[in-house]
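Chemist: sequence? don't have it. structure:
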């Protein structure tokens, strides 16, 4: 029994020693942190607010590069006089008492460094340590900056909106939580936010790129010209209008719909895992690729060397398109209207309908469960192979059949033969119709 008491006593003494060591370590840490200039406060509710505004003016000569680093707060940059940079700095801090709020406000330091052709503005971090909090103290700094037109910018904020307008120079804008708004810019543009909407308008990047990215938010981009243009959102809708690229245009969202209008460039890639895609009025020398896992695809008046449309669950509607057209839906109808097209159209579960004219080449239309209709000009010259397992075949055209007569499998030609047309459905009808359709 005595040995048990001895063991228990030893354990208690060990625990006391451990706690004492921890207290000593914390005290030593406090001494080190205080020596580093950090602020220590007892825990309190920071309900009272203190505000201040500062103004600074810097004389400059020639093109400038402006860098702003802001932990908590917004940054807005626009253009003004050619020989100066003006800064309006709004500070806000909180405390449990008026004195604490004012002390917190006084601790906020904005550093402005100027070198030849370069200005750097940043907020010195203030860290608070209390029994209930260790980390950055709650405060905000908002910048409104006026710069010469010939200025390139790099703006960043951990939590705050970013805005830029009117500059002629490359621009990089990045925020963790906040919206990004850019307009009337000449130069390359990279804009990103983890959570927030991106809006850009009238960006002339020349041969440089425009890249817009948000994790949680929409993107709206209008009146763009660049070497390449890319819009990406993990969870948000994308709108791209009136844009021209020497190279590729790319739109990608995991959970959101995509819409584009009046585009031109080398190629277009638009992809969403969950959402519809709608596009009209486009001119591309290369390929157009649209894909969605769950959503309809609608395309109108788009010209391209090749068009690929794929959706797992949704309908496909392509009207007044041209080029080599490949369209497939797992669960939905496929309907295409085109002139001088080369077709590969298919649906696992849905109708396949084509209206227009066919160019020279091989054409394939297929459905597992659905009817297939072709509406073609009366002078179409085709060599065809039509087959249905459970359905009927009709033709408004005079046809010449070859081989054995089989009402469910026709081989032959129209108007003496020409481009090869292969049509098949497991469960559905096939009909060739004479159309008066014109573009």
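Modeler: Nice, I can see it. Please read all numbers here as calculations on a predicted model, not as lab measurements.

Chemist: my guess is residue 185 meets residue 164, correct?
Modeler: Yes: contact between residue 185 and residue 164 holds when scored by CB atoms under 8 Å: they sit 6.6 Å apart. The C-beta positions use only the backbone N, C-alpha and C, and glycine is treated the same way.

Chemist: joint contacts of the two?
Modeler: residue 171 (CB atoms under 8 Å, 6 or more residues apart in numbering).

Chemist: looking at the two, which one has more neighbours?
Modeler: residue 164 (28 against 24; other CB atoms under 10 Å).

Chemist: and the strand or helix carrying the more buried one, what's buried?
Modeler: Taking DSSP states H and E as the criterion, residue 164 maps to strand 162-165. By neighbour count on 16 or more other CB atoms under 10 Å, the buried set for strand 162-165 is 162, 163, 164.

Chemist: for the residue most central in space within the chain, what are its contacts?
Modeler: Computing the C-alpha centroid of the chain and ranking residues by CA atoms, centre = their mean puts residue 232 first, at 2.0 Å. With contacts defined as CB under 8 Å, 6+ apart, the neighbours of residue 232 are 212, 213, 214, 219, 250, 251, 252, 253.

Chemist: hang on, the earlier thing: and the strand holding residue 164, average pLDDT?
Modeler: The average of the pLDDT scores along strand 162-165 is 98.

Chemist: for residue 97, which non-adjacent residue is spatially closest?
Modeler: Nearest residue to residue 97, sequence neighbours excluded (CB to CB, 6 or more residues apart in numbering): residue 48, at 6.4 Å.

Chemist: across the sheet, point out what pairs with that neighbour.
Modeler: residue 95 (DSSP bridges).

Chemist: how many other residues sit next to it?
Modeler: 17.

Chemist: again with the one 10 residues further on
Modeler: In terms of burial, residue 58 registers 15 neighbours under the definition other CB under 10 Å.

Chemist: returning to that earlier point: which SSE is immediately downstream of the strand holding residue 164?
Modeler: Of the helices and strands lying after strand 162-165 in sequence (DSSP H and E), the nearest is strand 171-177.

Chemist: buried ones in that next one?
Modeler: For strand 171-177, a neighbour-count test (16+ other CB under 10 Å) marks 171, 172, 173, 174, 175, 176 as buried.

Chemist: mind giving me the packing neighbours of the strand holding residue 164?
Modeler: For strand 162-165, the elements it packs on are strand 75-79, strand 151-159, strand 171-177, strand 180-186, judged by 3 or more CB pairs under 8 Å, 6 or more residues apart in numbering; DSSP states H and E.

Chemist: of all those strands, which lies closest to residue 301?
Modeler: strand 180-186 (27.9 Å; CB to CB).

Chemist: just after that closest one, pick out the following helix or strand.
Modeler: Counting by DSSP H and E, the next helix or strand C-terminal to strand 180-186 is strand 189-195.

Chemist: what strands flank that following strand, and is each parallel or antiparallel?
Modeler: In the sheet, strand 189-195 lines up with strand 171-177 (parallel), strand 209-216 (parallel) (DSSP bridges).
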